[in-house]
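Peer 1: got a structure for you, letters missing:
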């Protein structure tokens, strides 16, 4: 940040009084410009048929991670709830009609200043199509997930949590949980 969004004066980096972190501060009007993590919100759209659960994944048509598979998700907008963001992103990226369920995973990614939230969801029909940010959209059973081509660690972990919970449910030994994970290690480069 170079200029104050309130008065256009060049900002300085300093620790404001009663604070512990460096912030961008306007020396003219005194505005403190806080920078906070961005929320990435999405869904885990599933379809169950004949006892087989399939998950809808999108192949990314944008960077970062162009051509890799992901769950439908994106940055939360102002004036929407996390549930509304998950619903919107699923419609935009996968053209899918879903029934949104409870929050399933919360993944903190501090090195990129993000928090990723994924909601469980049920596909209401099989009328889905790739949106402008997706090259294609496809359903995968657990054994067919392209694990080496998953775009982000948050998606891999969320899918692993889902299939672990499904195994417990099938065995009569559990239910869906809310999963939390902190990811500190930057992901490998896409070379």
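Peer 2: Arrived safely. Computed from a prediction, not measured in an experiment: that's the story for all the values here.
Peer 1: how about the residue of the chain most remote from its centre, phi and psi?
Peer 2: Distance from the C-alpha centroid of the chain peaks at residue 28, with 37.9 Å (CA atoms, centre = their mean). Torsion angles at residue 28 (phi, psi; degrees, to the nearest 10) stand at phi -90, psi -50.
Peer 1: Give the burial count for the closest residue to it other than its chain neighbours, as a bare number.
Peer 2: Excluding the flanking residues, the one nearest residue 28 by CB to CB, 6 or more residues apart in numbering is residue 9, at 3.9 Å. Any C-beta I mention is one placed from the backbone N, CA and C, and that applies to glycine too. By other CB atoms under 10 Å, the residues close to residue 9 number 13.
Peer 1: Residue 9 contacts residue 27, doesn't it?
Peer 2: Yes - here residue 9 reaches residue 27: they are 6.7 Å apart, a contact under CB atoms under 8 Å.
Peer 1: can you give me the strands for this protein?
Peer 2: With DSSP state E as the criterion, the chain has strands at 12-14, 23-25, 32-33, 38-49, 52-60, 69-70, 73-75, 98-109, 114-123, 134-141, 179-182.
Peer 1: Which one, of those strands, ends up nearest to residue 2?
Peer 2: Ranking these by proximity to residue 2 (CB to CB) places strand 23-25 first, at 8.7 Å.
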